[in-house]
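A.B. asks: let me see the structure of the following:
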Amino acid sequence: MKKFMLISAAALLVSTGAMAQTTVTTTTTGAAHGATVQIEPEYRTRIHSYVTEHKIRPVETHEKIVVGSPVPRDVELATVPSDWGPSLTKYRYVYSGSHVMLVDPESRMVVQEVD
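C.D. replies: As a prediction, the model looks like this:
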């Protein structure tokens, strides 16, 4: 009986360990997957000033450019100026309508709209 209990306990431990190893944990990273890009108010002001002072022309596309959607391949992504804040320089931007759209350059997904 002792031997049966030991074998049962060992089997239970092995099966529990196997189940734990097959558990999948996913973590969302990046702005395109749910994380929010934080832009301080002072940088929002700088972004709007930049667009106005440099007379940035909005791009025209058949589809509306919105957060969470990719920017069409034929739209050129502009480099984010360093004075927009150090956390934003990894992104590119597109000026569409009256909004600056921050874009992840690798996926071309719009991650934030600066209005």
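A.B. asks: so which residues of this protein form strands?
C.D. replies: For the chain, the strands defined by DSSP state E cover 78-79, 92-96, 99-103, 110-114.
A.B. asks: what comes into contact with the second one?
C.D. replies: Just to be clear, that refers to strand 92-96. Strand 92-96 has contacts (C-beta atoms under 8 Å, 6 or more residues apart in numbering) with 51, 56-59, 61, 64-65, 71, 75, 77-80, 100-103, 105, 110. Backbone N, C-alpha and C define where each C-beta goes, glycine included.
A.B. asks: can you do 7 Å?
C.D. replies: With contacts defined as C-beta atoms under 7 Å, 6 or more residues apart in numbering, strand 92-96 is touched by 51, 56, 58-59, 65, 71, 75, 77-80, 100-103, 105.
A.B. asks: again, but for the last one
C.D. replies: Outside strand 110-114, the residues within contact range by C-beta under 7 Å, 6+ apart are 31-32, 37, 39, 44, 47, 65-69, 71, 91, 99-104.
A.B. asks: ok, of those residues, which come out buried?
C.D. replies: Neighbour counting by 16 or more other C-beta atoms under 10 Å classes 31-32, 37, 39, 47, 65, 71, 91, 99-104 among these as buried.
A.B. asks: between these, which is closest to residue 84?
C.D. replies: Of all the buried ones among the contacts of strand 110-114, residue 84 sits closest to residue 47, with 5.6 Å by C-beta to C-beta.
A.B. asks: quick check: the closest one vs residue 73, distance?
C.D. replies: According to C-beta to C-beta, to the nearest Å, residue 47 stands 24 Å off from residue 73.
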